[in-house]
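In: next come a sequence and a model predicted from it.
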Amino acid sequence: MADPLISVAERLAPAFSHVAGRPCDPVVRPSERADAQANGALALAKELGVQPRDVAQKVLDAAGDLSDILASTEIAGPGFINLVFTDSFIAQQTADAMSSAQLGVRTSTDAHKIVVDYSAPNVAKEMHVGHLRSTVIGDALVRALSFVGHTVVRENHIGDWGTPFGMLIEHLIDLGEENAAHELGVGDLDGFYKQARGKFEGSDEFKTRARNRVVMLQGGDEETLALWRTLVKESTRYFNKVYSQLDVLLTDDDLMGESAYNDLLLPVVERLHTAGLLQESDGAEVVFPEGFTNRDNEPLPLIIRKGDGGYNYATSDLACVIDRVERIGARTLLYVVGSPQAQHLQMVEAVARMAGWLPENYVMNHVAFGSVLGSDRKMLKSRAGDTVKLASLLDEAVERATLAIAEKNPSMSHEDRAQVAHMIGIGAVKYSDLSTDRIKDYIFDWDRMLSFEGNTAPYLQYAHARICSIFRRAEIHRETVRSVVPTLADLKERALALRILRFDSATWEMIDTLSPHKMCTYLFDLASDFTSFYEHCSVLKAESEELKMSRLALCDATARVMEQGLALLGIRAPEQM
Ligand code: ARG
């Protein structure tokens, strides 16, 4: 029950290994001319110093009878083996996949605990589009990793500690708690932060108060902590608004901000000291991980404790590693954080490994991503030149989707329209983020992301809704066709079935490369294959009742894979639109 390309690779592997005299990968890939091709003979021939076509022939001789799954094998070009599956194999695999809850997707053979660190906005600061990217990408990875059987722990490492809190708390006191809470509660986080910074820079008296306040905060003064809690509470209230609008999984239970590691900071210093890694540099306590240098080729330190005794961002990230490995018991740590923090995370990892906190077979992976650009190809900014307010951005997405649906489906009820518009508007924003390789920057373009054509969420959602409407029109319950083994007489039916079976590999490619865009590309191909099937093959007016049921089974399978695939991306699929 898997991608047929994997089944055939498994069947060919012994033959390849026999010819190679060692374990050898058949390198099975999709093909233009056949269903698949095995390319392994080329590299193997080079290694053995013989003709690739001869190697391919030897492999086929050794493989024996494959007629239960393959209708033909043909050696082509320099030595590829073209593979064509039998229709009955594809049909049966499709039916099997559809009778499994996972729709044919293999579960992990190495299920373990994974921490995904994502979203992580900063208290009393507006979430920016970088946090949007982290939130959307991280959430998709959480869903996909859980789907294949991992135990996933979400952690929202919000910036809720450090020196700026002195000035933020003093500003809160100046405003009066109620006024401040109101300002933060309506999401004017940036305004609040800027006012505080302005006072800090403009008044020595305020600066002194702010500095004293930091000391009180770190000393655990109850009144100060209460004020700090207000700041955190009002900010997270605003973050939660964005999360619920975005349909992401994050809740208050996932909050694991910098402040949560306070008690672990001193142990970090002590353990580094005991390990003999801590050094003094310019009055600060630092570690020099191997292989990191500055522009002048001098060793680059990771600062653990500053001269004034204060800890650093890096210190809490080291505490984080310890906590995730030792308390949570995670073996894979994922950090969905923008590319500019690459060196920071690499240095944290290097130090954690030197200290022995991250055993060799444990993975710490930076899931990096590029920037969101405006149409001018510069960092996306609001018209006034400020950071874009995410809550209003998402509201605008829903408004625009509402207009689009009103035009497309004027008869839809008000209530349905509101729900569907939410799924489409938010889906469009998320999909435009997820569908390009995350490492690249992407241009935020309302018209493109909300278009019903092309590689967009609305196009995929529409393919799904269209299938739902076929069943509605036929007044047939989708469940009734679920056990039907489709007949694959037409090439378009066959291509669609083969595509449905590739959901397995698409999911695994997304997971193995931590790249949601792989799933997007797959779903776009699925929708395209469905469209050409549907244009080519009559479903409700098929020549026979049997053919109709078979084609309805393909429709249902397409819709289920589409809905599940979108769900792995955190995008919902309405039944009508
Ligand atoms: N709060 C940070 C920021 O806004 C991101 C934190 C990412 N996670 C971490 N463990 N360092 O840039």
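Out: Ah, there it is.
In: what sits up against the lowest-mean-pLDDT helix or strand in the chain?
Out: Averaged element by element with mean pLDDT, DSSP states H and E, the chain has its least confident helix or strand at helix 177-185 (a mean of 82). Contact partners of helix 177-185, identified using C-beta atoms under 8 Å, 6 or more residues apart in numbering, comprise 124, 171-172, 175, 191-192, 227, 230-231, 234-235, 237-238. C-beta here means a position set from N, CA and C on the backbone, and glycine is covered the same way.
In: remind me which helix or strand the closest residue to the ligand within the stretch 351-500 of the chain belongs to.
Out: The minimum distance from the stretch 351-500 of the chain to the ligand, using C-beta to the nearest ligand atom, falls at H366 (9.8 Å). Element membership for H366 (DSSP states H and E) is strand 363-367.
In: mean confidence for whatever helix or strand comes next after that strand?
Out: Going down the chain from strand 363-367, the next helix or strand is strand 372-373, by DSSP H and E. The average of the pLDDT scores along strand 372-373 is 94.
In: looks to me like I169 is in a helix.
Out: Yes: assessed by DSSP: H, G, I helix; E, B strand; the rest coil, I169 belongs to a helix.
In: burial check on it, number of neighbours?
Out: 27 (other C-beta atoms under 10 Å).
In: per-residue pLDDT, it?
Out: Residue-level pLDDT assigned to I169 equals 96.
In: from memory it sits against Q218, does it?
Out: No: assessed by C-beta atoms under 8 Å, I169 is found out of contact with Q218, at 11.9 Å.
In: who's the residue of the stretch 351-500 of the chain closest to the ligand bridged to?
Out: Beta bridges link H366 to Y335, judged by DSSP bridges.
In: tell me the SS of the residue of the chain positioned farthest from its centre?
Out: Ranked by distance from the centre of the chain (C-alpha atoms, centre = their mean), the top residue is E205, with 46.5 Å. Recorded secondary structure, E205: helix (three-state DSSP).
In: so how far is N212 from it?
Out: Using C-beta to C-beta, to the nearest Å, E205 is found at 11 Å from N212.
In: going along the chain, name the helices of the stretch 301-450 of the chain.
Out: For the stretch 301-450 of the chain, applying DSSP state H, counting those that start in this stretch gives helices covering 313-322, 342-354, 390-408, 414-434, 446-449.
In: can you list these in CSV and add mean neighbour count, mean pLDDT and distance to V268?
Out: CSV is the format used below for these (neighbours: other C-beta atoms under 10 Å; pLDDT from 0 to 100; distance: least, C-beta to C-beta, whole Å):
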stretch, mean neighbour count, mean pLDDT, distance to V268
helix 313-322, 22, 97, 5
helix 342-354, 19, 98, 10
helix 390-408, 17, 94, 33
helix 414-434, 21, 97, 34
helix 446-449, 16, 95, 43
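In: of all the residues in the protein, which ones are close to the ligand?
Out: D117, A120, N122, H157, G159, D317, C320, Y335, V337 (C-beta under 6 Å from any ligand atom).
In: neighbour-wise, which of those residues leads?
Out: Y335 leads those on contacts (other C-beta under 10 Å) with 26 neighbours.
In: what sits against that one?
Out: D117, L345, M364, N365, H366, V367.
In: go with 7 Å
Out: D117, L345, H366, V367 (C-beta atoms under 7 Å, 6 or more residues apart in numbering).
In: contacts only, for the residue of the stretch 251-400 of the chain found nearest the ligand.
Out: Closest residue of the stretch 251-400 of the chain to the ligand, C-beta to the nearest ligand atom: V337 (4.5 Å). With C-beta under 7 Å, 6+ apart as the criterion, the residues that contact V337 are S134, L345, H366, A368.
In: how far away from the center of its chain is the host helix or strand of the first one?
Out: So the one you mean is S134. Using DSSP H and E, S134 falls within helix 129-147. Distance of helix 129-147 from its chain centroid, counting by C-alpha atoms, centre = their mean, to the nearest Å, is 4 Å.
In: tell me what N82 is bridged to.
Out: Q37, E74.
In: re the thing from before, nearest to N262, of the contacts of V337?
Out: Closest to N262 out of the contacts of V337 is L345 (21.0 Å), distances taken as C-beta to C-beta.
In: that closest one contacts V367, doesn't it?
Out: No: L345 is beyond contact range of V367, at 10.0 Å (criterion: C-beta atoms under 7 Å).
In: quick one: D160 and L231 touch, right?
Out: No: with contact defined as C-beta under 7 Å, D160 and L231 do not form a contacting pair (8.1 Å).
In: what's the overlap in contacts for the two?
Out: In contact with both D160 and L231: V123, using C-beta under 7 Å, 6+ apart.
In: can you pull the contacts of L566?
Out: Contacts of L566 (C-beta under 7 Å, 6+ apart): L460, L523, R572, A573.
In: most widely separated two among those residues?
Out: Farthest pair in those, by C-beta to C-beta: L523 and R572, 13.6 Å.
In: those two: which is more packed in?
Out: L523 (28 against 20).
In: follow-up on the earlier one: I'd like the residues of the chain next to the ligand written out as CSV, with distance to V388 added.
Out: Formatted as CSV, these follow (distance: C-beta to C-beta, whole Å):
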residue, distance to V388
D117, 23
A120, 18
N122, 16
H157, 22
G159, 19
D317, 27
C320, 29
Y335, 24
V337, 19
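In: any idea which of those residues is closest to P4?
Out: Y335 (35.6 Å).
In: and the pLDDT at the closest one?
Out: For Y335, pLDDT reads 98.
In: D190 now?
Out: 82.
In: can we start the residue count at 51 from this point?
Out: Done: numbering now begins at 51, and the last item shifts to D240.
In: measure it to the ligand for me?
Out: Between D240 and the ligand the distance is 14 Å, computed by C-beta to the nearest ligand atom, to the nearest Å.
In: test my guess that M306 contacts E205.
Out: Yes: here M306 reaches E205: they are 4.3 Å apart, a contact under C-beta under 7 Å.
In: more neighbours: the two, which one.
Out: Neighbour comparison, M306 and E205: the larger count goes to E205, with 26 against 21 (by other C-beta under 10 Å).
In: now do the SS call for that one.
Out: Secondary structure of E205, per three-state DSSP, is strand.
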